[in-house]
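Enquirer: sequence unknown, structure follows:
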């Protein structure tokens with residue numbers, strides 16, 4: 001997400017950060033590269049122009065701080081303006097109404113149905129009882145897809161196969177919601193390949209009848225400026241309350257995200273970053289601006305870790321690490337925890353200064369090789385008995401052959417894993433001994449404290 005834009009901006013900032021003093025001439029020259037980076041990312045022309053003018057005006061009118069170089073101050077101004085452009089602060093979905101009604105709209109193929117499922121998954125985590133309502137009566141697979149998603153989530157789905165009256169479906173869904181005690185109703189509506197009057201009128205009638213608290217546009221982030229035009233059209237007809245950008249894990253250049261808030265005035269509330277039902281992230285403008293500028297996003301990474309890591313399990317692992325008492329069950333748990341955090345390139349992209357590594361990790365060859373290695377390691381461990389995982393030294397040549405056959409790997413692969421694991425255990429034990437020695441020499445582990453070597457002053 002935003003990889004190309006980040007790379008180009010970082011190249012531009014090398015010139016900016018080298019500025020010894022601020023003048024209109026060198027600021028204009030430095031910001032010219034930033035403007036080109038924005039346009040290459042498919043940012044709206046007027047939005048890019050206004051953005052550069054604001055940065056330039058604030059840069060020239062800024063008092064130079066002695067502790068900060070002029071170039072660094074301009075980068076800070078770019079960050080602040082980028083945050084403002086993206087919406088300043090996160091705009092979530094209020095669920096105070098009972099039930100809260102959410103109407104999902106957008107073009108065909110934008111990801112409305114999948115995003116409806118992702119929203120339901122998000123509300124489930126918050127302790128809500130969502131209901132999915134199938135209002136797309138034109139796409140044959142839409143209702144089946146929504147039903148499948150509901151089954152995966154164990155969330156009720158209201159659908160009337162063969163019924164073409166969307167308003168009738170919505171009316172009966174209200175009674176069903178009461179019966180299910182649902183406190184969030186998500187209407188998955190129909191889309192078109194392009195906006196047409198029949199589609200708009202149907203949505204207007206549905207809005208009038210259901211009186212939704214949220215009307216969310218699901219927009220394909222890869223569409224660039226076309227997504228901005230679609231948002232403006234839907235907003236004019238329906239009065240959008242927010243936007244969800246999808247497919248930002250692909251080759252989206254980021255222009256839609258940077259332009260949409262400015263052009264429509266509507267907040268981007270969430271972004272889809274993958275196909276899985278948990279791949280929906282809140283859109284925090286400040287964090288996204290930080291990612292775009294290559295500064296990482298530690299806060300989001302920590303939040304993801306908090307959602308996926310079992311606290312008791314982490315504390316137990318910490319004790320084992322201190323004792324150097326790791327076994328292969330611990331390694332298996334850590335592999336599975338890593339998989340829950342998401343793709344490697346996404347994790348690296350949240351770490352400051354790791355943008356280039358994230359780009360490398362997103363290379364299909366690297367991704368495939370990494371996934372293959374993780375699956376192979378997991379398969380080898382799962383092919384071991386409980387005793388073998390706990391006591392790897394029990395695994396002799398005959399057992400290694402059996403494990404290799406069971407995991408579909410080779411004896412060489414099993415040997416490599418066991419050798420690497422043994423090296424890791426030794427390293428942990430050595431670190432534990434080193435800490436004990438340091439504690440002793442600092443006076444924490446010796447009676448009377450450490451006073452120095454004999455004869456030394």
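Expert: Everything's here; your move. All values reported here derive from a predicted model rather than from experimental measurement.
Enquirer: How much space separates residue 288 from residue 271?
Expert: 8 Å (C-beta to C-beta, to the nearest Å). C-beta coordinates here come from the backbone N, C-alpha and C atoms, glycine included.
Enquirer: now the stretch 251-400 of the chain, which segments are flagged as low pLDDT?
Expert: Applying pLDDT under 70 to the stretch 251-400 of the chain picks out residues 251-254, 295-324, 338-371.
Enquirer: Actually, the stretch 1-150 of the chain.
Expert: Judged by pLDDT under 70, the stretches of the stretch 1-150 of the chain that qualify are 1-2, 15-22, 61-71.
Enquirer: can we see that at 90?
Expert: For the stretch 1-150 of the chain, the stretches flagged by pLDDT under 90 are 1-48, 51-98, 107-111, 138-141.
Enquirer: where exactly do the strands run in it?
Expert: Taking DSSP state E, counting those that start in this stretch, the strands of the stretch 1-150 of the chain run over residues 100-105, 130-135.
Enquirer: For stretch 385-394, buried residues please.
Expert: 388-389, 392 (16 or more other C-beta atoms under 10 Å).
Enquirer: Switch these over to TSV; also include distance to residue 380 and secondary structure.
Expert: Listed next are the buried residues of stretch 385-394 as TSV, based on distance: C-beta to C-beta, whole Å; DSSP: H, G, I helix; E, B strand; the rest coil:
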residue	distance to residue 380	secondary structure
388	11	helix
389	10	helix
392	11	helix
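Enquirer: if we can go back for a sec, overlap in contacts, residue 288 and residue 271.
Expert: By the contact definition C-beta atoms under 8 Å, 6 or more residues apart in numbering, residue 288 and residue 271 are jointly contacted by residue 257.
Enquirer: Look at these two and report which has more neighbours.
Expert: Set residue 288 next to residue 271 and count neighbours by other C-beta atoms under 10 Å: residue 288 wins out with 26 against 23.
Enquirer: so the more buried one is in which element?
Expert: Secondary structure assigned from DSSP states H and E places residue 288 in helix 285-292.
Enquirer: Would you mind pulling up the elements that that helix packs against?
Expert: Judged by 3 or more C-beta pairs under 8 Å, 6 or more residues apart in numbering; DSSP states H and E, the packing partners of helix 285-292 are helix 3-17, helix 70-86.
Enquirer: Report the residue ranges of every domain in this protein.
Expert: 3-86, 100-284, 304-441 (automatic domain parsing).
Enquirer: Which among those is found nearest to residue 293?
Expert: Across these, residue 293 has its closest neighbour in domain 3-86 (5.8 Å, C-beta to C-beta).
Enquirer: Do me a favour and get the end-to-end distance for that closest one?
Expert: Chord length of domain 3-86, first to last residue, is 17 Å (C-alpha to C-alpha, to the nearest Å).
Enquirer: just stretch 203-223 next, same as before
Expert: One end of stretch 203-223 sits 22 Å from the other (C-alpha to C-alpha).
Enquirer: Show me what counts as buried in that stretch.
Expert: Applying 16+ other C-beta under 10 Å to stretch 203-223 flags 203, 206-207, 210, 212-223 as buried.
Enquirer: Let's see which of those residues end up in helices.
Expert: Among the buried residues of stretch 203-223, the ones falling in helices (DSSP state H) are 203, 206-207, 210.
Enquirer: Between those, which sits nearest residue 163?
Expert: Closest approach between these and residue 163, by C-beta to C-beta: residue 206, at 13.9 Å.
Enquirer: From residue 264, how far off is the closest one?
Expert: Applying C-beta to C-beta, the value for residue 206 to residue 264 is 21 Å.
Enquirer: circling back to that earlier point, between all of the buried residues of stretch 203-223, which two are separated the most?
Expert: The span of the buried residues of stretch 203-223, defined through C-beta to C-beta, is set by 210 and 222 at 29.8 Å.
Enquirer: In the stretch 151-300 of the chain, mark out all the strands, start to finish.
Expert: For the stretch 151-300 of the chain, the strands defined by DSSP E, counting those that start in this stretch cover 157-158, 184-189, 214-220, 242-246, 268-272, 280-282.
Enquirer: Okay, and the beta partners of the residue nearest to residue 182 when sequence neighbours are not counted?
Expert: Distances taken as C-beta to C-beta, 6 or more residues apart in numbering place residue 131 nearest to residue 182, at 3.7 Å, with adjacent residues excluded. Note on residue 131: beta-bridge partners by DSSP bridges are residue 185.
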